[in-house]
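Student: sequence and predicted structure below; questions after.
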Amino acid sequence: MTYEAVYKRSVTDRDAFWREQAERIEWAHPFDQVCDHSQPPFARWFGGGKTNLCHNAVDRHVPHRPDQPALIHVSTETGQERTISYGQLFVEVQRMAALLVNMGVGKGDRVLIYMPMIPEAVIAMLATVRLGAIHSVVFGGFASHSLATRIDDAKPTVVVTADAGSRGGKVIAYKPLLDEALNMCQHQVAHVLLVDRGLAPATMRAPRDIDYLATRREVLDAIVPCEWVASEHPSYTLYTSGTTGKPKGVQRDTGGYAVALATSMAHIYGGQAGDTFMCTSDIGWVVGHSYIVYGPLLAGMTTIIYEGLPIRPDAAIWWSLVEKYQVNVMFSAPTAIRVLKKQDPHCLKRHDLSSLKHLFLAGEPLDEPTARWIGEAIGKPIIDNYWQTETGWPILSVARGVDPQAQAKLGSPGVPMPGYKVKLVDDLTGAELAEPHQKGVLAIEGPLPPGCMQTVWGDDTRFVQTYWSSFAGQQLYNTFDWGIRDEDGYYFILGRTDDVINVAGHRLGTREIEEAVSSHPDVAEVAVVGVADPIKGQVARAFVVVRDGSRAADDTSCKELEAEIMQTVDQQLGAVARPARVHFVNMLPKTRSGKLLRRAIQAVCEGRSTGDLTTIEDPSALAQLQEAFLH
Ligand code: PRX
């Protein structure tokens, strides 16, 4: 079948298409309705059906492939490698589930997971959904304030954590950050389960804190059956940044997500049971949820959990793993490839990559030179894919699993994937832009396909207002990305329409960073913008007006204050959100009505024209900002 035929069927005969795809997973009770869209924009997939994500990711494979590795953990930080077969995973997940039950976790309760890239993190996710509980993984790079906000929103019964993670040889203690967050937040968690890796001392507070390794010994024979849940029962929430300072908990269902991931594995990634998948993201991001954990396991594949940098001990490390573990499908981010590009090119030639079918890249725009360079260096097809935390799986890509001849175009993430009714619309009128090469907002006609977000956790109104209210009178989901489409139907993504920035593939809200910077007592006002960067795609730059001029009077005091502000961001949000530079100015460019001219600031930093500035209050503000930026 051609891509066109499969895509067309997915949108014109939607229910029949998804009914077939739903056979890729096992149901404890069959569904009686494929899609209930009677209360738009909410969509309920596979209503009446009962299933379990852990059953589909683990239990169902045990009779067929008990000895096949399910997880291969490689840490170049600790020098450890560990393989866990499907049979062993089945046992470990039940042990973890038993511990969670003993700590009071039941169906619908939340389990917050704040962990480095170790197998126990994946085991905790699987154990949570096994019980019909809901996990909320918080990226290990986030610090106490971010963690506290998420704890207060998710209200977990239990937090699963580790003593520490490690990055580039530097140990990052997690437990003190968690303790600080737990002191800061309103919500009281019943228990903290700590996986002690022996990397950093962890103060344990009894009876709240429980040691995983010690208590695991008491439940070695645990048998904890899967809780069959309704298809629409939430499996997880994952926080993501938007325009406001308050992150949104993207809520995902169970049945729709399982079907969508299994379909994407077959149609897009071309992964088969028994194959090995290596995704270099982190479980704290959506790519990690979908393609380190659930996607590969649902398909009966082996998944590699990698803790470490792409260039340590050297830039051959990933390719050595491809050879050693016979990786078939690899998934990474453009930033990582740009980092590799700066290293010794022989590193890419040292290993036998014959097992590898293709390399997928996502998370940020993939520039043509980078795509061309890596394609030539490894001699494999490079496939871009565009999606969001909200959608959970690709919106745009090329479906080589449907049509092996499908061709990628350099610079384009591709064409709409089955199930997505993608449109380009005028940002003001919402009118569809049907002609090629017109720039518009990328929107998706409702209902969104299975696997996409159900709502914002605990806030249906925010879900509707944020995503579905941009274009009056239309059921259109706003991606907040600009795009164009060429005459062959390939899309090109031109950046965000809102204040979200993308630093090394990490999605951050400038509002959140501004709030963290503002919490420094000497900061009167701040603007944070994303500025183009050759390696990271974008970096954050902060422009600060100080309360007391003497704190930014000369180079030395500016340097001191800059370091303090960066430290404040590190402590509140984590180093991942730290601005690359903090510049000091006397005023920020604003409109006469007091609105910050963020786009103009960004344009100045990127050396572009600022466009129409007739509404600016004081034009000298921009000139001053430019001087500060260049200084
Ligand atoms: O702006 C788009 C950009 O990243 C945003 C979503 O980020 P996140 O929620 O972290 O999900 C990442 C899932 C891969 C999008 O709104 N983005 C993501 N992929 C691409 C991209 N921009 C251009 N090309 C891509 N392939």
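Tutor: Looks like it came in fine. Numbers count the residues shown, from 1 in each chain.

Student: quick check: end-to-end length of stretch 168-184?
Tutor: 29 Å (CA to CA, to the nearest Å).

Student: what comes into contact with that stretch?
Tutor: 77, 114-116, 140, 143-145, 147-148, 151, 159, 161-166, 189, 192, 194, 199-203, 205, 309, 312 (CB atoms under 8 Å, 6 or more residues apart in numbering). (Glycine included, C-beta is placed from N, CA and C.)

Student: what's the offset of that stretch from the middle of its chain?
Tutor: In terms of CA atoms, centre = their mean, to the nearest Å, the gap separating the centre of stretch 168-184 from the centre of its chain is 21 Å.

Student: ok, stretch 295-304 next?
Tutor: With CA atoms, centre = their mean, you get 18 Å for stretch 295-304.

Student: across the sheet, point out what pairs with Ala230.
Tutor: Going by DSSP bridges, Ala230 is paired in beta bridges with Lys50.

Student: could you report the neighbour count for it?
Tutor: Around Ala230 there are 19 other residues, counting by other CB atoms under 10 Å.

Student: measure it to Glu4 for me?
Tutor: 35 Å (CB to CB, to the nearest Å).

Student: contacts for the strand or helix carrying Glu20, please.
Tutor: For Glu20, the host element (DSSP states H and E) is helix 14-21. Residues outside helix 14-21 that contact it (CB under 8 Å, 6+ apart): 9-10, 34-35, 45-46, 259, 262-263, 418-419, 449-450.

Student: again, 10 Å this time
Tutor: 6-11, 13, 31, 33-35, 37, 45-46, 256, 259-260, 262-264, 266-267, 418-419, 421, 447, 449-450 (CB atoms under 10 Å, 6 or more residues apart in numbering).

Student: just the buried members of these?
Tutor: Buried by 16 or more other CB atoms under 10 Å: 6-7, 10-11, 31, 34-35, 45-46, 256, 259-260, 262-264, 266-267, 418-419, 421, 447, 449-450, out of these.

Student: in strands, which of those residues appear?
Tutor: 34-35, 45-46 (DSSP state E).

Student: just give me the closest of those residues to the ligand.
Tutor: Of all these, the ligand sits closest to Trp45, with 20.3 Å by CB to the nearest ligand atom.

Student: the helix holding Glu20: how far from the chain's middle?
Tutor: Offset of helix 14-21 from its chain centre (CA atoms, centre = their mean): 27 Å.

Student: could you pull up the mean pLDDT of that helix?
Tutor: In this model, helix 14-21 has an average pLDDT of 98.

Student: which of the residues in that helix are buried?
Tutor: For helix 14-21, by 16+ other CB under 10 Å, it's 14, 17-18, 21.

Student: out of the contacts of stretch 168-184, which sit inside helices?
Tutor: Secondary structure defined by DSSP state H assigns 144-145, 147-148, 151 of the contacts of stretch 168-184 to helices.

Student: by neighbours, which of those wins?
Tutor: Leu147 (28 neighbours).

Student: so what's it closest to, chain neighbours aside?
Tutor: Nearest residue to Leu147 in three dimensions, chain neighbours excluded: Ala181, at 3.9 Å (CB to CB, 6 or more residues apart in numbering).

Student: circling back to that earlier point, which among the ones in helices among the contacts of stretch 168-184 are in contact with the ligand?
Tutor: Among the ones in helices among the contacts of stretch 168-184, no residue lies close to the ligand (CB under 6 Å from any ligand atom).

Student: distance from the centroid: which residue in the chain tops it?
Tutor: Within the chain, Ser550 marks the point farthest from the mean C-alpha position, 41.3 Å out by CA atoms, centre = their mean.

Student: show me what Ala443 bridges to in the sheet.
Tutor: Lys423, Asn478.

Student: I'd assumed Gly430 was in contact with it.
Tutor: Yes - with contact defined as CB atoms under 10 Å, Ala443 counts as touching Gly430 (8.2 Å).

Student: what about the two, which has more around it?
Tutor: More crowded of Ala443 and Gly430, by other CB under 10 Å: Ala443, with 27 against 18.

Student: quick one: contacts for that one?
Tutor: 421-425, 427, 430, 432, 467-468, 470-471, 474-481, 483.

Student: what about it, distance to Cys35?
Tutor: From Ala443 to Cys35 the distance is 19 Å (CB to CB).

Student: then Met301?
Tutor: Met301 sits 28 Å away from Cys35, going by CB to CB.

Student: can you pull out the helices in the stretch 501-631 of the chain?
Tutor: In the stretch 501-631 of the chain, the segments counted as helices under DSSP state H, counting those that start in this stretch are 510-518, 555-572, 598-605, 620-630.

Student: so which residues on the stretch 501-631 of the chain come close to the ligand?
Tutor: Taking CB under 6 Å from any ligand atom as the measure of proximity, the stretch 501-631 of the chain contacts the ligand at 502, 507.

Student: do the stretch 351-500 of the chain as well
Tutor: Of all the residues in the stretch 351-500 of the chain, those lying near the ligand are 362-366, 384-389, 413, 479, 481, 493, 496, going by CB under 6 Å from any ligand atom.

Student: neighbours of Asp548, how many?
Tutor: Here the number of neighbours of Asp548 (other CB under 10 Å) works out to 10.

Student: also the one 5 residues further on?
Tutor: When neighbours are counted by other CB under 10 Å, Ala553 registers 12.

Student: give the buried residues for stretch 463-480.
Tutor: Applying a neighbour-count criterion of 16+ other CB under 10 Å, one finds 463, 466-468, 470-471, 474, 476-480 buried in stretch 463-480.
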